[in-house]
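>>> Requesting a structural model of the entry that follows:
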Amino acid sequence: LMIFGVIYILFATPMYKSKITLYSAVDTGGNSPMSIMARQLGAGGAQTGATYYNIPDVVKSRTLAEKIVAHEWQIEGFDKKVILSEYFNKIFKVKMPKTLKNESEISAWKERRFYNYSQYISVDRLGVVANDKTGLITVSVKMESPVLARDIANFISLFVTSWVNDVQKEKIKQNLKFINERAAVLGVELQQAENELKKFRETNRNILNSPDLQLEVQRLQRQVTIKQEVYLTMIKQREINQIEENKSVDVVKILDKAITSDIPYKPNKKDIFIAIIFVGIIFSSFFIVVINLIYRSLVKKNYEIPRLFTYFKKIMNI
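Model (predicted):
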């Protein structure tokens with residue numbers, strides 16, 4: 001058992017791990033500065049563009065995995081930058097089948113390998129842990145090369161922060177565009193309602209003497225009031241979104257960049273030796289008990305004791 005453990009340690013491919021940490025830089029709750037400002041402006045329900053992003057899902061997404069595999073990396077052992085498909089083909093000794101007849105089949109085979117490697121990266125080589133209390137997100141990358149693990153981890157940090165922040169800014173722009181369009185329409189409708197009320201009053205001087213005219217003027221006044229309130233709400237929302245658009249605060253920020261680790265996390269020599277000793281003790285104890293039981297059974301039945309059992313008995317002194 002000890003020999004097998006030593007062989008594994010000597011010949012197992014060392015794996016290196018590199019980590020990055022990310023955190024949310026924006027308070028999307030009701031106590032955020034934009035929410036407080038919205039309440040002060042009288043638009044407590046205004047949408048300021050705040051959105052919750054599940055960063056672990058982004059890290060584990062197929063989009064990111066495909067970008068990692070398709071990106072060209074400077075890897076030790078290659079004369080030039082290569083994509084991860086070529087790298088995995090080399091370390092896994094994958095060769096293109098000779099049965100492929102034309103460019104179409106070759107292209108289809110490469111595409112299958114590309115998507116297989118993308119899934120493999122996402123499932124086996126990337127790890128992500130989110131701390132529910134602090135909101136800190138730790139992303140780890142496991143590779144055969146410490147430099148490659150570091151480079152991929154930093155690539156992930158740049159992709160996640162860029163993607164989330166760009167999506168957030170685009171959402172604010174879309175909100176602002178919608179609000180501007182609605183405000184323009186509501187402004188026209190408000191002006192029309194005001195003109196209609198004005199015209200009605202000018203053409204009906206004896207409103208006080210007619211209950212029907214009084215009801216009609218109340219209806220027109222109510223339409224003007226409703227459109228004023230909606231229009232003012234849209235104007236307040238526009239101001240809030242314009243302030244949000246001009247802010248330079250990113251939604252997600254990088255806390256710790258990845259660094260190169262010279263110590264492989266796998267194989268773990270210490271854990272392997274402890275496991276070998278533990279398993280060895282259990283196996284040896286079981287072996288001694290079995291040999292002792294067999295030896296006593298043979299003696300009890302006056303059978304001839306095989307030399308091998310006598311040899312084991314002398315060695316183990318049982």
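>>> for the stretch 1-150 of the chain, what spans make up the helices?
Using DSSP state H, counting those that start in this stretch, the helices of the stretch 1-150 of the chain run over residues 2-11, 33-40, 55-59, 62-70, 84-91, 103-120, 146-203.
>>> The helix or strand that comes right after the longest one packs against which elements?
Put plainly, it is helix 146-203. Sequence-wise, the next helix or strand downstream of helix 146-203 (DSSP states H and E) is helix 211-246. In this structure, helix 211-246 makes packing contacts with helix 33-40, helix 146-203, judged by 3 or more Cβ pairs under 8 Å, 6 or more residues apart in numbering; DSSP states H and E. Every residue, glycine included, has its C-beta placed from N, CA and C.
>>> Least confident of these, on average?
When the helices and strands packed on helix 211-246 are ranked by mean pLDDT, helix 33-40 comes last with a mean of 44.
>>> and the helices and strands packed on helix 211-246 as a markdown table, adding mean neighbour count?
Formatted as a markdown table, the helices and strands packed on helix 211-246 follow (neighbours: other Cβ atoms under 10 Å):
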| stretch | mean neighbour count |
| --- | --- |
| helix 33-40 | 16 |
| helix 146-203 | 16 |
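>>> how about those in CSV, adding distance to residue 212?
As requested, the helices and strands packed on helix 211-246 are exported to CSV (distance: least, Cβ to Cβ, whole Å):
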stretch, distance to residue 212
helix 33-40, 42
helix 146-203, 12
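>>> out of those, which comes closest to residue 107?
Proximity to residue 107 (Cβ to Cβ) singles out helix 146-203 among those, at 25.8 Å.
>>> Quick check: residue 96 vs residue 246, distance?
Going from residue 96 to residue 246 by Cβ to Cβ, to the nearest Å gives 53 Å.
>>> Could you check which of the two has the larger neighbour count?
For residue 96 versus residue 246, neighbours defined as other Cβ atoms under 10 Å are more numerous around residue 96 (12 against 8).
>>> For the more buried one, give me phi and psi.
Torsion angles at residue 96 (phi, psi; degrees, to the nearest 10) stand at phi -70, psi 130.
>>> Output the lowest mean pLDDT helix or strand found in the chain.
Using mean pLDDT, DSSP states H and E, helix 33-40 stands out as the lowest-scoring helix or strand of the chain, at a mean of 44.
>>> part of a helix, is residue 261?
No - counting by DSSP: H, G, I helix; E, B strand; the rest coil, residue 261 is located in no helix; its state is coil.
>>> Which neighbouring residues are in contact with it, exactly?
Counting by Cβ atoms under 8 Å, 6 or more residues apart in numbering, residue 261 touches 16, 17, 18, 146, 149, 150.
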